[in-house]
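Colleague: Return atomic coordinates for the entry below.
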Amino acid sequence: MSATFLASATNTLWYVLDAYRIDPDPFYLAAGLDPALRNAPRARYPRERFWSAWARAERVIDDPCFGLRAAESWQPANLHALGFAWIASRSLRAALERLVHYLAIVMDERRLRLMPDGEALTLWVEPAEADHQIPPSAFDAFWALLMAMCRYIAGDELYPVRAAFRRPEPPCAARFYGYFRCPIEFGAAADLLAFSQAAVDAELPAANPELAHFNDQILTDYLAQLDQERMIPRVKAVLMSDLQAGDLSAERIAEVLQLSRRTLQRKLADEGTTLKALLEEVRRELALRYLEDGSLSLSEIGFLLGFADQSAFSRAFKRWTGCSPTGYRENAGGYQGA
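Modeller: From the prediction side, this is the model:
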């Protein structure tokens with residue numbers, strides 16, 4: 001199963017093209033995407049085909065900041081249960097935690113992170129080797145859309161305390177500053193938005209715990225169904241159980257899954273990842289879990305994750321998150337729901 005997008009989430013491209021009075025149908029059809037599936041509740045598009053459609057739109061639209069217009073397309077229904085759970089969240093923090101928790105439903109990826117940073121809460125995307133295949137304006141659209149989602153529930157007065165984007169500063173940078181209304185670093189090491197703790201913890205007027213939990217259950221069931229169909233969760237399960245065993249080679253993992261090494265690598269490539277990347281992801285996820293639990297020392301966590309010593313673990317954690325294990329533990333928090 002190749003990496004996919006929730007089809008309705010791609011309405012962003014549809015609405016942007018329509019805003020420029022360009023017929024979206026030919027862009028979808030040329031990429032092998034059926035436009036009729038755009039609003040089907042569980043329909044999915046192959047990720048590479050969607051990026052192909054987006055790249056074609058980027059070439060046709062004569063506007064270096066056209067991705068910002070994605071903000072105009074935000075509707076809760078585009079994300080179905082996730083959209084309805086989002087608008088029912090008790091706070092912006094809860095909404096962001098929910099988005100991070102269920103993002104794989106939208107785009108088969110789990111690279112969106114939340115990190116406490118002093119008086120701010122930072123939402124960032126962990127860079128990946130394949131990011132060069134994604135049209136630059138698609139990243140603009142992602143962050144503009146996310147900002148629109150936040151303002152939808154927290155009010156138009158909401159603004160980040162800072163933003164950073166890997167893309168070079170565009171000739172239309174004034175439109176970025178005008179939209180995000182905060183200091184922006186272009187050419188940064190990672191893409192991120194940071195909000196004040198006060199802003200993310202304010203109670204939202206439309207909070208509805210019952211509606212949020214109802215949609216959470218729908219999302220949980222759908223995520224479980226997706227995981228059964230994908231290779232990534234199966235490989236991660238093996239890695240988690242064998243971290244301390246020492247042999248985490250492709251041959252060993254393939255043997256456990258009753259596959260050839262080549263088949264394993266091909267299936268992971270189809271889902272946009274590698275065994276090395278999944279090992280890093282598993283170690284990172286477990287490290288965060290252990291640090292939040294608080295009952296294990298750093299040396300014990302390093303051992304459980306298969307690192308040679310505590311310093312090796314600390315260096316890896318700093319690379320993953322930008323902060324030390326001790327710093328993260330002091331500010332740790334987890335997804336609470338509602």
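Colleague: Wait, I153 touches A95, no?
Modeller: Yes. Using Cβ atoms under 8 Å, I153 makes contact with A95 at a distance of 6.1 Å. Where C-beta positions appear, they are placed from N, C-alpha and C, glycine not excepted.
Colleague: So for the host helix or strand of W124, mean pLDDT?
Modeller: Element membership of W124, judged by DSSP states H and E, is strand 120-125. Averaged over strand 120-125, pLDDT sits at 91.
Colleague: Equivalent analysis for stretch 222-231, please.
Modeller: Mean pLDDT, computed over stretch 222-231, is 78.
Colleague: Would you mind listing the buried residues in that stretch?
Modeller: For stretch 222-231, a neighbour-count test (16 or more other Cβ atoms under 10 Å) marks 222-223, 226, 230-231 as buried.
Colleague: ok, residues contacting it?
Modeller: Contacts with stretch 222-231, where a contact means Cβ atoms under 8 Å, 6 or more residues apart in numbering, come from 1, 42, 81, 102, 104-105, 108, 233, 264, 267-268, 270-271.
Colleague: out of the residues you listed, which are inside helices?
Modeller: Within those, residues falling in helices by DSSP state H are 81, 102, 104-105, 233, 264, 267-268, 270.
Colleague: ok, so of the buried residues of stretch 222-231, who is nearest P325?
Modeller: L223 (28.1 Å; Cβ to Cβ).
Colleague: which element is the closest one on?
Modeller: Applying DSSP H and E as the criterion places L223 in helix 209-229.
Colleague: and what of A277?
Modeller: For A277, the element it lies in under DSSP H and E is helix 275-293.
Colleague: can you pull out the strands in the chain?
Modeller: Applying DSSP state E to the chain gives strands spanning 4-6, 44-46, 112-117, 120-125, 162-165, 184-186, 191-196.
Colleague: hang on, the earlier thing: name every strand pairing with the strand holding W124 and say which way it goes.
Modeller: Strand 120-125 pairs in its sheet with strand 112-117 (antiparallel), strand 191-196 (antiparallel), by DSSP bridges.
Colleague: can I get the CA coordinates of that strand in PDB?
Modeller: Output in PDB follows, covering the C-alpha atoms of strand 120-125 (Å, rounded to 0.1, in the frame of the first residue of the first chain):
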ATOM      1  CA  ALA A 120       5.500  29.000  24.300                       C
ATOM      2  CA  LEU A 121       4.200  25.800  22.700                       C
ATOM      3  CA  THR A 122       5.900  25.000  19.400                       C
ATOM      4  CA  LEU A 123       4.300  23.000  16.600                       C
ATOM      5  CA  TRP A 124       6.900  21.800  14.100                       C
ATOM      6  CA  VAL A 125       7.400  19.300  11.300                       C
END
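Colleague: For that strand, what is the distance to the chain centroid?
Modeller: Remark: strand 120-125 is offset 12 Å from the chain centroid, using Cα atoms, centre = their mean, to the nearest Å.
Colleague: Over to stretch 32-39?
Modeller: The chain centroid and the centroid of stretch 32-39 are separated by 23 Å under Cα atoms, centre = their mean.
Colleague: go on, stretch 276-290?
Modeller: 16 Å.
Colleague: go on, stretch 20-38?
Modeller: Using Cα atoms, centre = their mean, the offset of stretch 20-38 from its chain centre is 24 Å.
Colleague: how about the CA coordinates for it, as PDB?
Modeller: C-alpha atoms of stretch 20-38 as PDB (Å, rounded to 0.1, in the frame of the first residue of the first chain):
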ATOM      1  CA  TYR A  20      -7.500  31.800  -9.500                       C
ATOM      2  CA  ARG A  21     -10.400  30.900 -11.900                       C
ATOM      3  CA  ILE A  22      -8.600  27.800 -13.100                       C
ATOM      4  CA  ASP A  23     -10.600  24.600 -13.700                       C
ATOM      5  CA  PRO A  24      -9.200  22.000 -11.200                       C
ATOM      6  CA  ASP A  25     -10.500  18.900 -13.000                       C
ATOM      7  CA  PRO A  26      -7.700  18.700 -15.600                       C
ATOM      8  CA  PHE A  27      -5.000  18.800 -12.800                       C
ATOM      9  CA  TYR A  28      -6.600  15.900 -10.900                       C
ATOM     10  CA  LEU A  29      -7.200  13.900 -14.000                       C
ATOM     11  CA  ALA A  30      -3.700  14.400 -15.400                       C
ATOM     12  CA  ALA A  31      -2.300  13.000 -12.200                       C
ATOM     13  CA  GLY A  32      -4.600  10.000 -12.200                       C
ATOM     14  CA  LEU A  33      -6.900  11.200  -9.500                       C
ATOM     15  CA  ASP A  34     -10.700  10.900  -9.700                       C
ATOM     16  CA  PRO A  35     -12.300  14.300  -8.800                       C
ATOM     17  CA  ALA A  36     -15.500  12.500  -7.900                       C
ATOM     18  CA  LEU A  37     -13.800  11.000  -4.800                       C
ATOM     19  CA  ARG A  38     -12.800  14.400  -3.300                       C
END
